[in-house]
Structures are given as C-alpha cells and as structure tokens.
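Undergrad: sequence first, predicted coordinates after that:
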Number of protein chains: 2
Amino acid sequence: MAQAIPFRQASPLKASCHQCSLSNLCLPLAIEENDLDRLEDIVQQGRIFNRGEHIFDQSTPYRSCFAVKSGSIKTSIITENGEEQVTGFFMPGELVGLDSIGSEHYACTAKALERTRVCEFPMEKLEELTGKLPELQHHMYHLMSQEIQNSHQLAMLLSKNTAEERIAALLLSLSSRFQRRRMSPTNFSLPMARNDIANFLGLAVETVSRVFTRFQNQGIIKARGREVELLDIEALQMVSREFSRQCNN
Amino acid sequence: MAQAIPFRQASPLKASCHQCSLSNLCLPLAIEENDLDRLEDIVQQGRIFNRGEHIFDQSTPYRSCFAVKSGSIKTSIITENGEEQVTGFFMPGELVGLDSIGSEHYACTAKALERTRVCEFPMEKLEELTGKLPELQHHMYHLMSQEIQNSHQLAMLLSKNTAEERIAALLLSLSSRFQRRRMSPTNFSLPMARNDIANFLGLAVETVSRVFTRFQNQGIIKARGREVELLDIEALQMVSREFSRQCNN
DNA sequence: GTACATAGTTGACATGGATCAAATCGGACG
DNA sequence: CGTCCGATTTGATCCATGTCAACTATGTAC
C-alpha cells in the first residue's frame, strides 16, 4: 500500500492542526484560526499504535485524552473477574478518554483495532487552555454531554431492544459516522470483530452472526467478513425504530 | 410533617451555598470559601417541585443544570413512540442535566419523585464562571466524567448481569449514596416505584417484585413497600459481584 | 504449500425473564 | 369508614436468546 519511501511523506510529525483533514470534527472545530496555535502547542501529534496495542489501560495513571487521527479504537472495561464490557468504538475525529477526567487512572482500556494514529492532549494543559478559550471550553462540555447521551442511548438499546434492533442501530451509527468523514455511508468495512460487536451490544457472537445472515437473506445488507454494504438503509431504520439520530452534533 | 407555620422557616429563599448542608457534595465542594459568593451570584436557589412535576422535559430549551437540594429526581428518555427509558435517579447533592450541554433542548425528561427542592445553575453563566475558576472547571469535567462512567456501568449491568445482580447493585448504589449524606446505609426508603426500578434496570416489574421477595426469603433484605432494610450487605455484594465501587468520588 | 490458530457460521437445545392473568395491598378522598 | 384506582405481588406459560457443539473460512508462520 504505502510505498517504500517511508519517512519522506510521513515525517512531518509536527503536522499542524491547521492542515489536519479532521479539523472540522476534532477540537479545532471550536477554535478561531488565530488561536489554533495554542492548541498545537499542547498536542502531541502522530503517535502510532499497531492493531491490538493498548493506548492506555485501567492501570495507567490518567494524563490525557486522545483524538483518533486515523484507524479506530475500542474502549472497554475489564472487571476484576476478567470479564470485558466494550463501552465504545472510536473513529477518526472522535475523542477518547473523556470518561476519566479527575480520576487517578483511566476508567477503561483503549485498544487499537487496526493501525491507528492518535493525537494526545495532556489534560492538565488542555484544562488550562479551555479556561482561556470559552468556545473550546463549551465544546468540551458539549462533547462530554454527547458522550453521556451516547451511553444512555446504548443503555436504552441494551435494555429495550431486540438483537436485530441493536445491530441495525449499530450499522446505522457507523454509517453516519463514515458519512461525516465524507466516506461512503453504504459501503465500508467494519473495524471490529464480531466478538466486539456482540460484547458491545450485549449479545452472544452466535446471535450477531445469525442476525447478519438474516439481514443478508432479507436483502437489507450484504456482508462478507468485515466488508459490509447497506443495501436498504430505510429498512434498517425501520428495524432499529431509532429514527432519533440526535447523535449528529 | 412540616407544621403549619409555612413560610417563617422556609423563607430564607436566598439561603446561601455557604450554609448549605450539601456544600461538601455539590459544586461548592470545588470552590474556595472566598469565591463562593460568585457561585451564589448565579445560582437560583430553592425552587420546589411536587411529586410528579417536571423540572424540564425534552421539549424544554436547554438553559441550566440543576442540583438536587432535597427530595429526588428521575431522568428518562421518552422515545418518539412513547416508550420510556429511565436513565438515572438523582439524590441530594447530585447534578442533573449534564447530558444536555450544548444541545438545543434537554436530552431527557426530569421528574420529581417526591417533593423536591432544586438549585438552578444557568449554564451560560456557569461556563463563564468555570472559565475563571480552574478548580471549578476541573470539578465540572470530573462530574461529567463520572456521569459517563456511571452510564457505562449501567450499560454493563444491563448487558451482562442477571436480574438479581442488577437489583443488588442498585440497592448497594443507593446505600452508599445515602451513606455519603450521613444517613443510614442500611435503612432507607426507596424514592422510586418498582416500575421505575424495573425500567431503569431493563426488567419487567414482575421480575423486580419476585427478586425482592426472593432476597427477603433469603434474609438478605427486609422490604415492605418502599421501606427497605439491608440485612446482609456482604451477601448483596456477593450477589452483585460488583465490588468495583469506584462510584464513590 | 501445509499446518495451526483464530474468527465466523450454523444447528440443537435449555432457560431466564417476559408476558398474560388475576389476586391483594395501600393510600387518597369523599 | 368504604370506595376506587394505582401499585405490588404471585402464578402459569412462552419465547428470544444464551449455551454447547461441530463445522468452515481466513489468515499467518514455517
């Protein structure tokens, strides 16, 4: 894929927020062009994690939150008896670690689902900055609010909806998140394994698998492994009966 | 209960945060004595809601978050098809409305479970203030983080735990929240109906009822209506297998 | 290319909790 | 004090989904 010329192109490690393609999704969204430098001063850009590597885990002392630059991340809580509960999937432009501010350690474990590049925002400095930039502060509050809402949405899905509804909702959520990044909302490849989907949605892997094939037989989706094509979005919305797409902004 | 002399005692409507008995739980917790006045300047204290009244609902334009001063509040999301999902219960000292910052309208509906007194913090002014008081800003971030964690905890409960485990966990959570307020952790009265418990925990009312009587037969609790006595907290912890009580602070 | 490991699919069966139905309790109100 | 209506409890039955088991596909290492 990437040709041999390894460092020439990739090396502008100090690639600025100014020219980041995600600046309309990420924190810069809330910042005046002039003040963007101040954000760049505190961000550590471009750390790379390979598939399966931990960005942090529950024993890591809390320091920073992370923006996904490329790739994707799964967060989960590991209980003392070793069970895992996946709490979220994070795609480029999204912020990980908002659930741990003010805690000694991270409240969850974050693992790269594929080769993933992140930008790190040391929270101490970020708080300092948000104290000076009201817009940015407001944006942080807003992001955290949304995180709460998302989680409530998930709780709702888990407690009230059938397996089909849950999976339809997840597919739609992913779809709209791809779309936000100007990628195809109907043709994408799932960054996570069936196992993670199952765990996230509170289902058994087998059930996830069955629902996928059922959807496929009904002509609603086409799936081969992680490659997915949504053939009939309306049908999916009908199934998930979650037109409530307040997720967007 | 409260004798006839209605307004004499109750009237210091401008009762200050300074002398509020909850100042060690609520926002004042994060503020220097000197700066407390500035919080008092923006708070509207002492609004009272009767049981069943809405503090706000999903059609209310977002303005403020609310601290419970006495009584208790239930928040829920009402879907377009009329279903309700209870997202939380809020007791004195706790903050309601953190899930809606930056949204046009409140993301949920808040209803008083009993006669309830709240303090209102207009968010616009509160943001202004947190911009000036780093400690307060940090505390807000922390509170919101915890709200996310709580919600993840709930999601976990809903997706992985049995009816008994869920109910044990709820009882323990209530217990420790009463304890924080220097009230008995073993003897309290539930502010919410069985129905609300069921909805919150993703169960049918009947199941909740059955589990209560089962616990009672096992001698773990004693319950008559909403009056509850926890006879064997350890057993409850055993059942809920959620020693992870990171909920505190 | 072969082999092993991991991920995904499919089938058969068991069960926790939902649902339906009915009885009882409790509290507000005249 | 009796009535009425909602809240709670209890019982009987059913079903969506979990669990167990076996098979298949995919990918990685040698």
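TA: That came in fine, so what should we check first? Numbering: from 1, shown residues only, chains lettered A, B, ... in the order given.

Undergrad: which residue ranges make up the domains of chain A?
TA: A:6-156, A:162-240 (automatic domain parsing).

Undergrad: for residue B:30, find the nearest of those domains.
TA: With Cβ to Cβ as the criterion, residue B:30 lies closest to domain A:6-156 of the domains of chain A, at 10.0 Å. In short, each C-beta sits where N, CA and C put it, glycine included.

Undergrad: need the residues of chain A near DNA strand D, please.
TA: Proximity of chain A to DNA strand D, by Cβ under 7 Å from any atom of the strand, involves residues A:162-164, A:202-204, A:206-207, A:224-225.

Undergrad: contact residues of chain A facing DNA strand C?
TA: Residues of chain A lying close to DNA strand C by Cβ under 7 Å from any atom of the strand are A:193-195, A:205-206, A:208-210, A:212-213, A:223, A:225-226.

Undergrad: top of those residues by neighbour count?
TA: Neighbour counts for the residues of chain A next to DNA strand C (other Cβ atoms under 10 Å in any protein chain shown) peak at residue A:208, which has 23 neighbours.

Undergrad: middle-most residue in chain A, spatially?
TA: The centre of chain A sits closest to residue A:90, judged by Cα atoms, centre = their mean, with a distance of 1.1 Å.

Undergrad: which one is it nearest to, not counting chain neighbours?
TA: Among residues not flanking residue A:90 along the chain, residue A:73 sits closest, at 4.4 Å (Cβ to Cβ, 6 or more residues apart in numbering or on different chains).

Undergrad: contacts only, for the one you found.
TA: A:55, A:66, A:89-90, A:96, A:110-113, A:116, A:118 (Cβ atoms under 8 Å, 6 or more residues apart in numbering or on different chains).

Undergrad: kindly recompute the last result at 10 Å.
TA: A:49, A:54-55, A:66, A:88-92, A:94, A:96-97, A:110-114, A:116, A:118, A:191-192 (Cβ atoms under 10 Å, 6 or more residues apart in numbering or on different chains).

Undergrad: and the gap between it and residue A:172?
TA: In this structure, residue A:73 and residue A:172 are 20 Å apart, going by Cβ to Cβ, to the nearest Å.

Undergrad: then residue A:159?
TA: 19 Å.

Undergrad: what's the neighbour count on the nearest residue to residue A:57 once chain neighbours are set aside?
TA: Excluding its sequence neighbours, the residue lying closest to residue A:57 (Cβ to Cβ, 6+ apart) is residue A:109, at 4.1 Å. Neighbourhood size, residue A:109 [other Cβ under 10 Å]: 20.

Undergrad: need the contact list for residue A:109.
TA: Applying Cβ under 10 Å, 6+ apart, one finds that residue A:109 lies in contact with A:54-60, A:74-78, A:84, A:86-87.

Undergrad: from those, which land in strands?
TA: Counting by DSSP state E, the contacts of residue A:109 place A:54-56, A:74-78, A:84, A:86-87 in strands.

Undergrad: the residue nearest to the centre of chain A contacts residue A:114, correct?
TA: No. Judged on Cβ atoms under 10 Å, residue A:90 makes no contact with residue A:114 at a distance of 12.0 Å.

Undergrad: overlap of the contact sets of the two?
TA: Both residue A:90 and residue A:114 are contacted by A:71-73, A:191, under the criterion Cβ under 10 Å, 6+ apart.

Undergrad: who wins on neighbours among these?
TA: Counting by other Cβ under 10 Å, top hit in the shared contacts of residue A:90 and residue A:114: residue A:73 with 26 neighbours.

Undergrad: now do that one against residue B:47, distance only.
TA: Noted for residue A:73: a distance of 42 Å to residue B:47, by Cβ to Cβ.

Undergrad: then residue A:94?
TA: Distance from residue A:94 to residue B:47, counting by Cβ to Cβ: 37 Å.

Undergrad: looking at those two, which one has more neighbours?
TA: Shown here are residue A:94 and residue B:47; by other Cβ under 10 Å, residue A:94 has more neighbours (21 against 14).

Undergrad: not counting sequence-adjacent ones, nearest residue to the more buried one?
TA: residue A:68 (5.5 Å).

Undergrad: quick one: secondary structure of the one you found?
TA: Look at residue A:68: counting by DSSP: H, G, I helix; E, B strand; the rest coil, its state is strand.

Undergrad: measure it to DNA strand D for me?
TA: Distance of residue A:68 to DNA strand D, computed by Cβ to the nearest atom of the strand, to the nearest Å: 22 Å.

Undergrad: what's that residue in contact with, if anything?
TA: By Cβ under 10 Å, 6+ apart, the residues touching residue A:68 are A:22, A:25-26, A:55, A:89-96, A:110, A:112, A:116-119.

Undergrad: mind checking which of those residues are in helices?
TA: Of the contacts of residue A:68, none are assigned to helices by DSSP state H.

Undergrad: give me the pLDDT value at the closest residue to residue A:201 other than its chain neighbours.
TA: Excluding the flanking residues, the one nearest residue A:201 by Cβ to Cβ, 6+ apart is residue A:166, at 4.4 Å. At residue A:166, the model reports a pLDDT of 96.

Undergrad: just give me the neighbour total for residue A:166.
TA: Residue A:166, neighbours per other Cβ under 10 Å, totals 27.

Undergrad: same deal with residue A:234?
TA: A count of neighbours around residue A:234, defined by other Cβ under 10 Å, yields 8.

Undergrad: do the same with residue A:150
TA: 18.

Undergrad: that one in helix, strand or coil?
TA: helix.

Undergrad: what's the separation between it and chain B?
TA: According to Cβ to the nearest Cβ, to the nearest Å, residue A:150 stands 9 Å off from chain B.

Undergrad: isn't that residue up against residue B:148?
TA: Yes. Between residue A:150 and residue B:148 there is a contact under Cβ under 10 Å: 8.9 Å.

Undergrad: identify the contacts common to those two.
TA: A:87-88, B:99.

Undergrad: and of those residues, the nearest to DNA strand D?
TA: The closest of the shared contacts of residue A:150 and residue B:148 to DNA strand D turns out to be residue A:87 (Cβ to the nearest atom of the strand; 17.0 Å).

Undergrad: return the residues in contact with that closest one.
TA: Contacts were defined as Cβ under 10 Å, 6+ apart; by that measure residue A:87 touches A:74-77, A:99, A:107-110, A:150-151, A:154, A:199-200, B:148-149, B:151-153, B:155-156.

Undergrad: now do residue A:219
TA: Here residue A:219 is in contact with A:231-232, A:235 (Cβ under 10 Å, 6+ apart).

Undergrad: I'd like those residues as CSV, with pLDDT appended.
TA: Shown next, in CSV, are the contacts of residue A:219 (pLDDT from 0 to 100):
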residue, pLDDT
A:231, 95
A:232, 94
A:235, 93
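
Undergrad: of these, grab the buried ones for ChimeraX.
TA: Buried subset of the contacts of residue A:219, written as a ChimeraX selection, criterion 16 or more other Cβ atoms under 10 Å in any protein chain shown:
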select /A:235
